[in-house]
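Novice: based on what follows, work out the 3D shape:
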Amino acid sequence: MDANNQTDEGQGGRRGRGERGSAARRAARGGSGPSPSMPFIMRRIGVYEVLDEEGLSLIEANADTIMEEIGIEFRDDAEALALWRAAGADVRGQRVHFPKGLCRQLLKTAPSVFTQHARNPARSVQIGGKATVFAPVYGPPFVRDLDGNRRYATIEDFRNFVKLSYMAPSMHHSGGTVCEPVDIAVNKRHFDMVYSHIKYSDKPFMGSVTAPERAADSVAMCKILFGDDFVENNTVLLNLINVNSPMVFDQTMLGAAKVYARHNQACVLSPFILSGAMSPVTVAGTLTQILAEVLAGAAFTQLIRPGAPVLFGTFAASISMQSGAPTFGTPEPSLVSYGAAQLARRMGLPFRTGGALCGSKVPDAQAAFESANTLNTTLLAGTNFVLHAAGWLEGGLVSSYEKFMIDQDQLGMLQKMAEGVDLSTGGQALEAIREVGPGAHYLGCAHTQANFQTAFYRSALSDNNSFEQWEIEGAKRIEDRANTMCRAWLEAYEAPPLDPAIDEALLAFNAKRKESMPDAFT
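Specialist: Below you'll find the predicted structure:
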């Protein structure tokens, strides 16, 4: 008989004690609602570096060679080409060749650290320095829902992921395109997406980049929320500007970058790299190309507005040379991330990479080890802004509810890891060692009793009980527990307060803009 359906009195009694015991404790730690929010991370541990001075200098010299001899294309943007020509670059058609040192000189105006303001000032985050900020998955057109279906994402899914990101204690940022709501016209969905971030969360968020006018709409909505002067003089939006690797900036990305930089909003300049297809198969070759692409794109933001914040970003994965499919959690992308972080620090720019990346189709063991490999690299590299920190599945095609819950639990562990070693008087624990002495144990000593609740990170999802207890409680896998927790969180969700006048103004702006254009689905 299945353990869930046994009616034996003894078994039922034991099951009741189990449910009141470990399962209830897990519920108290997050099953029926999130714990208090954690602030963004200020790392107290060092960074891991894979390149010495000789290696870094070699890659920088090679990047200079690429920029000067091969060049970077700025396609279909006469303004961009004119700006580069005026700055002293050699413009040949749509390809820009950069004199050595030009881009680095321009980047001296870019801040190494800045604040991204949230509508709730307590949620504002530092980008750069020793800060690490976690943001959710970005971009998937599909979701894997709580009923086990893989389907196209809707605006309701989008709202749910915003709500979950708001509730997740270890998530510091609401993100951007947490999934692509395909039930709304392509040219209008950004209104609902940005509004959802504003309405259902009070954490910082990202703007739209799929067209310059959508970037402008994102800025306009933020001006309704924060005020015109505040937006022009502070950073309230991050946005993702992907390089069309190898070595091309297209009209769409350039247009969005110009809008955001002009309004003092932060561009995350990120080459999207699948090594072997969009960059060389070697780590050093990939790093060289990444550096050249970021230098050109980041410097361009300073041509638009000196002092506009910009991040050195990279998304690095390898591919299967047999099938061409992207692979995650492997050694080579980790080496790229470590090396790129070093290059970013030398440039004095905040750094973005990493996340809970995996190629698995479901939240299984493959998803776990690939995501863990990437997340640990992300933290140890010294990453400042972490996109895709929770919910990523199937190589970025799917936003998964269950995977989100598992990942956000792991992010709490990384937050604890980043605190480093406590060397305070309490951390040294000499009084405990004196009290216990040789041959006894620490379970009942005063120091343990005073600290046992906070001494170790306690997962709200992991099951560390005996096999028998696990079986009594229903033999649930972690994805089953994640499913239950996710449903409970969404049921318990309460929206943060938003000024009704601002809410009304946002809805009126969106309605007017939507009415001004026909639906477009391409």
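
Novice: what does the model give residue 135 for pLDDT?
Specialist: As predicted, residue 135 sits at a pLDDT of 98.

Novice: ok, and the closest non-adjacent residue to it?
Specialist: residue 173 (3.8 Å; CB to CB, 6 or more residues apart in numbering). Yep, even glycine has a C-beta here, placed from its N, CA and C like the rest.

Novice: and that neighbour, how far from residue 259?
Specialist: Going from residue 173 to residue 259 by CB to CB, to the nearest Å gives 21 Å.

Novice: again with residue 293
Specialist: Residue 293 is 20 Å from residue 259, by CB to CB.

Novice: next, the residue nearest to residue 135: secondary structure please.
Specialist: coil (DSSP: H, G, I helix; E, B strand; the rest coil).

Novice: what about it, how many residues nearby?
Specialist: 27 (other CB atoms under 10 Å).

Novice: return the backbone torsion pair for residue 241.
Specialist: For residue 241, the backbone dihedrals (degrees, to the nearest 10) come out as phi -110, psi 100.

Novice: I'd assumed residue 255 was in contact with it.
Specialist: No: in this structure residue 241 lies outside contact range of residue 255 using CB atoms under 8 Å: 10.1 Å.

Novice: select the longest helix from this structure.
Specialist: helix 283-304 (DSSP state H).

Novice: and the next helix or strand after it, which residues are buried?
Specialist: Going down the chain from helix 283-304, the next helix or strand is strand 310-313, by DSSP states H and E. Of all the residues in strand 310-313, those buried under the rule 16 or more other CB atoms under 10 Å are 310-313.

Novice: same deal with stretch 423-440?
Specialist: Neighbour-count burial for stretch 423-440 [16+ other CB under 10 Å]: 429, 432, 436.

Novice: would you mind writing the CA trace of the longest helix of the chain as CSV?
Specialist: Presented in CSV, the C-alpha positions along helix 283-304 are these (Å, rounded to 0.1, in the frame of the first residue of the first chain):
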residue,chain,number,x,y,z
VAL,A,283,39.1,30.5,-23.5
ALA,A,284,41.8,33.1,-24.3
GLY,A,285,40.4,33.7,-27.7
THR,A,286,36.9,34.1,-26.3
LEU,A,287,38.1,36.5,-23.6
THR,A,288,39.9,38.6,-26.2
GLN,A,289,36.8,39.0,-28.4
ILE,A,290,34.6,39.7,-25.3
LEU,A,291,36.9,42.4,-24.2
ALA,A,292,37.0,44.1,-27.6
GLU,A,293,33.2,44.0,-27.9
VAL,A,294,32.6,45.4,-24.4
LEU,A,295,35.2,48.1,-24.8
ALA,A,296,33.5,49.3,-28.0
GLY,A,297,29.9,49.1,-26.7
ALA,A,298,30.6,50.5,-23.3
ALA,A,299,32.7,53.4,-24.7
PHE,A,300,29.8,54.2,-27.0
THR,A,301,27.5,54.9,-24.1
GLN,A,302,30.0,57.6,-22.9
LEU,A,303,29.8,59.2,-26.4
ILE,A,304,26.1,59.5,-25.8
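
Novice: that one: how far from the chain's middle?
Specialist: 21 Å (CA atoms, centre = their mean, to the nearest Å).

Novice: report the mean per-residue pLDDT for it.
Specialist: pLDDT averaged over helix 283-304 gives 98.

Novice: how about stretch 51-65?
Specialist: In this model, stretch 51-65 has an average pLDDT of 98.

Novice: which ones are touching residue 342?
Specialist: 49-51, 56 (CB atoms under 8 Å, 6 or more residues apart in numbering).

Novice: neighbours around residue 266, how many?
Specialist: 27.

Novice: for it, grab phi and psi.
Specialist: phi -80, psi 130.

Novice: now it: closest residue in space, sequence neighbours ignored.
Specialist: residue 309 (4.0 Å).

Novice: show me what contacts that neighbour?
Specialist: Applying CB under 8 Å, 6+ apart, the residues near residue 309 are 110-111, 114, 127, 235, 264-267, 350.

Novice: before we move on, the earlier item: which of residue 293 and residue 259 has more residues huddled nearby?
Specialist: Shown here are residue 293 and residue 259; by other CB under 10 Å, residue 293 has more neighbours (30 against 25).

Novice: now for the more buried one: which residues touch it?
Specialist: 72, 243, 245-247, 269, 271.

Novice: among those, which ones are in helices?
Specialist: Reading helices off the contacts of residue 293, I find no matches (DSSP H).

Novice: buried ones in stretch 372-380?
Specialist: Buried, per 16+ other CB under 10 Å, within stretch 372-380: 372-380.

Novice: which of the residues you listed sits closest to residue 521?
Specialist: For these, the closest approach to residue 521 (CB to CB) belongs to residue 374, at 33.7 Å.

Novice: wait, that closest one touches residue 357, no?
Specialist: Yes: using CB under 8 Å, residue 374 is in contact with residue 357, at 4.5 Å.

Novice: mutual contacts of these two, please.
Specialist: Joint contacts of residue 374 and residue 357 (CB under 8 Å, 6+ apart) are 328-329.

Novice: wait, isn't residue 272 in contact with residue 286?
Specialist: No: under the criterion of CB under 8 Å, residue 272 makes no contact with residue 286, lying 12.0 Å away.

Novice: neighbour-wise, which of these two wins?
Specialist: Counted by other CB under 10 Å, residue 272 and residue 286 do not tie: residue 286 has more neighbours, with 29 against 17.

Novice: what sits closest to that one if chain neighbours are left out?
Specialist: Residue 286's closest residue in space is residue 279 (CB to CB, 6+ apart), at 4.2 Å.

Novice: identify the bridge partners of that neighbour.
Specialist: For residue 279, the beta-bridge partners under DSSP bridges are residue 275.

Novice: distance check, it against residue 458.
Specialist: With CB to CB as the criterion, residue 279 and residue 458 are 41 Å apart.

Novice: can you pick out the residue with more neighbours from those two?
Specialist: More crowded of residue 279 and residue 458, by other CB under 10 Å: residue 279, with 25 against 16.

Novice: wait, what's in contact with that one?
Specialist: Contacts of residue 279 by CB under 8 Å, 6+ apart are 245-246, 271, 273, 285-286, 289-290.

Novice: make it 10 Å
Specialist: 245-247, 271-273, 285-290, 293, 316, 318, 336 (CB atoms under 10 Å, 6 or more residues apart in numbering).

Novice: look at residue 170 and give its secondary structure.
Specialist: coil.

Novice: can you check the one 10 residues further on too?
Specialist: Local secondary structure at residue 180 is given as coil here, using three-state DSSP.

Novice: give me the nearest residue to it, chain neighbours excluded.
Specialist: residue 141 (4.4 Å).

Novice: quick one, what contacts the one you found?
Specialist: 152-153, 177, 179-182, 396-399.

Novice: look up how far residue 196 lies from it.
Specialist: 17 Å.

Novice: same check, this time on residue 121
Specialist: Relative to residue 196, and taking CB to CB, residue 121 is found at 21 Å.

Novice: where does the stretch 201-350 of the chain have low pLDDT?
Specialist: For the stretch 201-350 of the chain, applying pLDDT under 70 flags no range at all.
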